Every structure is written in C-alpha cells, then in structure tokens.
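> just need the structure, nothing else, for what follows:
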Amino acid sequence: MLRRLIALLCVLLMSVSVMSPAHADGRRDRPRPVVFVHGFSGSAGQFETQARRLASNGYPARYIEGHDYDSTFSVNTVEQVFASLDERIARLLGETRADKVDLLAHSLGTSLMQSYLRSSPARAATVAHYVNLDGATAESPPGGVPTLAVWGEGSTERRIGGAANVYFSGQSHTQVVTSPETFARFYEFLNGRAPDTTRIVSQRRVSLSGRAVLFPSNVGAEGARLEIYRVNPRNGKRLGHRPLASYRLTGDGSWGPFKGRGDAHYEFAVVWSETSVHHLYFQPFLRTDRLVRLLTSRPGEGLSGLVETGDHHSALTISRQKEWWGDQGPAGDSLYINGRQVLNAANAPRTKRVIGIFAYDAGRDGVTDLTEPIPEFFATPFITGMDVHLPSGRRPTTIVSLPRGGHGRADALAVPSWPSSEHRISVQLNDHPN
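You can find the predicted model right below:
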C-alpha cells in the first residue's frame, strides 16, 4: 500500500512539473517555448540576440524557434504560412510537453499573427502570450490572447486596445526587436518577473545550427555546399586548409549542429561552384545559437546579381539587426571600411532604416564616390548601396562600426579581400552591447 502511495505521488509530481504551473504572482517554474515571426524581407536571424538572452536566463535553446517564410508571397501563401505554424506549434508542444507557446512577431509578421490568432479559437488556445513588435495596431488583443505591444519611433498614438503598450521612441524599427530594453519588457511579460540579466552570458563551448537561405524568399539554398572554417581574427584568414565541418545543403537549407568555441571567429563558405563562393563572417557567437541564418542567392540572381564584379576589387555586404543612422551627427553611427567613414545623409538617412549595405566599385573605375547611393539598392526597403573601391589582394578588408549608444565601443571584423569575379563577402556585425 505504501509503495502504491509513493508511486502515485511520483506520478502527480511529474504531471505538475510537465504542466509548468504559474505561481500566484505569475511566475513559472519552467519557461514555455517561444516562436518568433519576422517581418518583410526578414528571417529568424533577427531574433538571434534575444534567443541568446533568453538562454542566458535559463531557457533551453531548443525551446526557441523562428518561423521563416517568404514575405513577398511568391513562394508561399498566407494559408500555407499559417498551416506550417500550426505544425511547428504542435511539434514544440509535443517535444517540450508545455501547455502553450509564447508568440512574438515583428512588422509585417504582426499583421499575419493577429490574423492567425483571430482565425480560430483553437489556434488562439495554443498561445499563452503574444508580443506585437512595432507593427499593426488593433482595437483589442488578437484572439483574446494577453498581449504586449512594443512601439519604436513614430506616433505614440499607435496601440492595441486592452494590451500593455510600451513606447521606445528613441529606437528604430528593427532595433526594437533586438534591444535589451525590449527584452526586459517581454521577458517579464512572459514570465511574471524581471530577467536576471539582459546581457548574453558567454559559453566556452557552443553549438551552432541554422539554415542557408535565398534572400529574401527564405527558400533553402539547395544544391550548394557549406564549409565552416575557423579564422584568424586579425585578418580573416583560414586557420587550416580543410574545413572543420562540411554540409551538403538540401531541402530547406538546414545545417548543423556544429560544435565550436564561443570566443572564436568563423567563416561560413557557401560553395555554389569552384568559381562561385559566398563567404560569410560573424563576430564571435558567445553562446549556443540555433537561429543562424546564412543569407545568400544563386550566382547572378537577386540583388547580388546587380553587383559589378572584377578580378581587381572586392564586393562587400554588411548587415546589422539595428539600423545605421548616417545623418544624426554624434547621435548617429559611424562605419569605417578600410579606414574610410562610409555612412552619410545621402546613403543612410535615419528614415531609410538601413540594415543591409552593398559596397563595391560601381563603374569599376577604381574610384570611391559616396555623394549619392547606388539607386537600384537604395530603392529596396532596408537596403542601401555604396560606390566603394575595395582592392582585392593580400591585404585584408577591415570593417569597424562605432554604434550609437555604444559609449565608444567598436565592433570590428577583418576579412580576406577576395576578388569579386568569383567571390562574394558578407559580414554581420553585432546589434548588442556585449
């Protein structure tokens, strides 16, 4: 009889743990899974920083996912986006044995998720909290789900009725997704208490995984090969002739997990052919990251297909999940390529919301001209283009960012000056203050 009582007690305790009960003040013993839905031309990579902050506060990395889709809707329909989100939520609930998920969305993604939550009571019932990041307004919380709305620069009359509305008027549209202030607000909203830290707590050993995708459709870079190299942080050169890992990219472009170091610099080489390689460089990841997105395109296609190439100069793409302000003086940003400040009021005004920069020798004349942006790129949302002559050869190309609000901190990378005739170079700089 005593054994039966003990066994019954164990079952009850296990069921209580599985349901992750909330305390009277709203705190929970275990976090719920988190799903992020990006906006136009975005990807799950925009949630990398917040995912690492969540993990720094005790979230298992496998509980945090991003829902990629084609925001131009040339590949998928809204209904297909909703159906695949249904599958993702059902899988996460099954894997984690949680009662519900927490859902966050940005920009265009907020319109989609408001429609999703209102589309059926069954869908709304799978979501415990919804966070609306600088996107669509509403008269009431979508689907009746408790809602936090975070707004960046712009009208403070924007709101969701019946929700908690927070305004960060000094933060730009994408910055609102990645800022520590936003993290602190949504963490407390989801968990009923403030986070222990808004910094990314570093790990010595990390696991990296993600997808290599075509920009901006987020279709997998099928048919390419991914090679990962550790590189010298002083010049970006590979430390060894053989890759540490190699993946044949199929289907949705998933790769990993790759076991590495949190303080190391890595090159991710998307090899389309022996004469077409896309080299992608990041600052150290600091801790495990399952949302790494390698944004690429097939040779000659997309925006990269507009870049003028040659044997004697490099072509560079620089991205950051926080807008560059080139027209705000001391309150703005500085970005130096090979020692030259390239941001200005013409190519990176605050109103342009630039998070992606294409820099190459327009006209292939060996001359840098920053008086106006390259029109084809500047016409694309969140993108700008700059005529910058970057000689290819033995000397590395250096990129140094002095971010606004960084109190003099510099984010820097050095990469090989690959000739653009056969090589593309992408650099992603940090959006966070770690």
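> so who does Ala359 touch?
By CB atoms under 8 Å, 6 or more residues apart in numbering, the contact list for Ala359 reads Ala315, Leu316, Thr317, Ile318, Ile337, Val342, Gly385, Met386, Val388, Leu390. Quick note: C-beta positions are derived from backbone N, CA and C, even for glycine.
> identify the bridge partners of it.
Leu316, Met386 (DSSP bridges).
> quick one on the thing from earlier: scan the contacts of Ala359 and report the most crowded one.
Using other CB atoms under 10 Å as the neighbour test, the contacts of Ala359 are led by Met386, with 27 neighbours.
> dump the contacts of Ala359 into TSV; add distance to Arg404 as well.
As requested, those are arranged in TSV below (distance: CB to CB, whole Å):
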residue	distance to Arg404
Ala315	27
Leu316	22
Thr317	21
Ile318	16
Ile337	18
Val342	16
Gly385	22
Met386	19
Val388	21
Leu390	25
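> quick check: buried residues in the helix or strand that contains Gln80?
If you go by DSSP states H and E, Gln80 is part of helix 78-96. Using 16 or more other CB atoms under 10 Å as the test for burial, helix 78-96 gives Val81, Phe82, Leu85, Arg88, Ile89, Leu92, Leu93, Thr96.
> do stretch 209-227 as well
209-221, 224-227.
> how does the chain divide up, domain by domain?
18-191, 203-299, 302-419 (automatic domain parsing).
> TSV for those, including mean pLDDT and distance to Ser426?
Below are these laid out as TSV (pLDDT from 0 to 100; distance: least, CB to CB, whole Å):
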stretch	mean pLDDT	distance to Ser426
domain 18-191	94	12
domain 203-299	98	5
domain 302-419	97	4
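> between those, which one is nearest to Thr197?
Nearest to Thr197, of all those, is domain 18-191, at 5.9 Å by CB to CB.
> return the distance of the closest one from the chain's centre.
Centre-to-centre, domain 18-191 and its host chain are 14 Å apart (CA atoms, centre = their mean, to the nearest Å).
> and stretch 190-201, by the same measure?
Distance, centroid of stretch 190-201 to centroid of chain: 19 Å (CA atoms, centre = their mean).
> end-to-end on it?
End-to-end distance for stretch 190-201, by CA to CA, to the nearest Å: 20 Å.
> what residues sit buried inside that stretch?
Leu190, Asn191, Pro195, Thr198, Arg199, Ile200.
> next helix or strand past the helix holding Gln80?
Helix 78-96 is succeeded, C-terminally, by strand 101-106 (DSSP H and E).
> after that next one comes which helix or strand?
Scanning forward in sequence from strand 101-106 by DSSP H and E, the next helix or strand is helix 108-119.
> and that next one, what does it pack onto?
In terms of contacts (3 or more CB pairs under 8 Å, 6 or more residues apart in numbering; DSSP states H and E), helix 108-119 is packed against strand 34-37, helix 78-96, strand 101-106, helix 121-124, strand 127-133.
> which among these is found nearest to Arg234?
The closest of the helices and strands packed on helix 108-119 to Arg234 is strand 34-37. By CB to CB, the value is 34.5 Å.
> contacts for the closest one next, please.
By CB under 8 Å, 6+ apart, strand 34-37 touches 44, 46-47, 50-51, 54, 59, 63-67, 69, 85, 88-89, 92, 101-106, 109, 112-113, 190.
> and the angle from the helix holding Gln80 to strand 127-133?
130 degrees (axes from the mean of the first three to the mean of the last three CA atoms, to 10 degrees).
> for helix 78-96, name the packing helices and strands.
Packed against helix 78-96 by the contact rule (3+ CB pairs under 8 Å, 6+ apart) you find strand 34-37, strand 64-67, strand 101-106, helix 108-119.
> what ranges do the strands span in the stretch 101-250 of the chain?
101-106, 127-133, 147-151, 164-167, 205-214, 219-220, 225-231, 245-248 (DSSP state E, counting those that start in this stretch).
> ok, the shortest one: who's next to it in the sheet?
According to DSSP bridges, strand 219-220 forms sheet pairs with strand 205-214 (antiparallel).
> any idea how far the strand it pairs with is from the chain center?
On CA atoms, centre = their mean, the centre of strand 205-214 falls 11 Å from that of its chain.
> that strand to strand 225-231, inter-axis angle?
Using the same axes, to 10 degrees: strand 205-214 against strand 225-231 is 140 degrees.
> could I have strand 205-214 exported to PDB, CA atoms only?
Only the C-alpha atoms of strand 205-214 are listed here, as PDB (Å, rounded to 0.1, in the frame of the first residue of the first chain):
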ATOM      1  CA  ARG A 205      31.700  25.500 -25.900                       C
ATOM      2  CA  VAL A 206      28.800  26.300 -28.200                       C
ATOM      3  CA  SER A 207      26.600  24.500 -30.700                       C
ATOM      4  CA  LEU A 208      25.700  26.400 -33.900                       C
ATOM      5  CA  SER A 209      23.000  25.400 -36.400                       C
ATOM      6  CA  GLY A 210      20.600  27.100 -38.700                       C
ATOM      7  CA  ARG A 211      19.700  27.500 -42.400                       C
ATOM      8  CA  ALA A 212      21.400  28.800 -45.500                       C
ATOM      9  CA  VAL A 213      18.600  30.600 -47.400                       C
ATOM     10  CA  LEU A 214      18.000  32.600 -50.500                       C
END
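> closest one to Asn232 among the helices and strands packed on helix 78-96?
Here strand 64-67 is closest among the helices and strands packed on helix 78-96 (CB to CB), at 30.9 Å.
> mind saving the C-alpha coords of the closest one as PDB?
Taking C-alpha atoms only, strand 64-67 is exported to PDB below (Å, rounded to 0.1, in the frame of the first residue of the first chain):
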ATOM      1  CA  ILE A  64      13.300  29.000 -29.000                       C
ATOM      2  CA  GLU A  65      12.500  28.900 -32.700                       C
ATOM      3  CA  GLY A  66      11.900  31.300 -35.600                       C
ATOM      4  CA  HIS A  67       9.200  30.800 -38.200                       C
END
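> thinking again about what came up before, for Gly305, find the nearest of the strands of the stretch 101-250 of the chain.
Among the strands of the stretch 101-250 of the chain, strand 205-214 comes nearest to Gly305, with 11.9 Å by CB to CB.
> quick one, what contacts Trp324?
Residues near Trp324 by CB under 8 Å, 6+ apart: Gly332, Asp333, Leu335, Leu343, Ala348, Val354, Ile355, Ile357.
> out of these, which is most surrounded?
Most surrounded of these: other CB under 10 Å gives Val354, at 29 neighbours.
> I'd like the helices and strands packed on helix 108-119 as a markdown table, with distance to Val166 appended.
Shown next, in a markdown table, are the helices and strands packed on helix 108-119 (distance: least, CB to CB, whole Å):
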| stretch | distance to Val166 |
| --- | --- |
| strand 34-37 | 18 |
| helix 78-96 | 25 |
| strand 101-106 | 13 |
| helix 121-124 | 22 |
| strand 127-133 | 10 |
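> quick one: which of the ones you listed is nearest Ala362?
Nearest of the helices and strands packed on helix 108-119 (CB to CB): strand 101-106, 31.9 Å.
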